[in-house]
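A.B. asks: would you be able to build a 3D model of this:
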Amino acid sequence: MDNQINKLISDLFSDPSYIEILCSIYENEVTSSSIAKLVELDENEVIQKLDALMENNLVC
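C.D. replies: Below is the predicted model:
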């Protein structure tokens, strides 16, 4: 179980865009479009990353 958690954390946070997305939604309630503009990513990519964060109960 610990190895699965460590792998999940490693996979999610090895990509800096996940951290940027988390930081952007921590401060404000924002849309995927506004996050995409803020972190300079395609909106579809942001949505995919948000889905992964939601699946792992890191955002709701």
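A.B. asks: what's the closest non-adjacent residue to the residue nearest in space to the middle of the chain?
C.D. replies: Note on the chain: the residue nearest the mean C-alpha position is residue 18, at 3.7 Å, using Cα atoms, centre = their mean. Using Cβ to Cβ, 6 or more residues apart in numbering and skipping the chain neighbours, the partner closest in space to residue 18 is residue 12 (5.2 Å). Heads up, the C-betas are built off the backbone N, CA and C, glycines and all.
A.B. asks: please name the residues that touch the one you found.
C.D. replies: Residues near residue 12 by Cβ atoms under 8 Å, 6 or more residues apart in numbering: 18, 52, 53, 56, 58.
A.B. asks: host element of it?
C.D. replies: When secondary structure is defined using DSSP states H and E, the element that contains residue 12 is helix 2-13.
A.B. asks: now residue 52
C.D. replies: Assessed by DSSP H and E, residue 52 sits inside helix 43-55.
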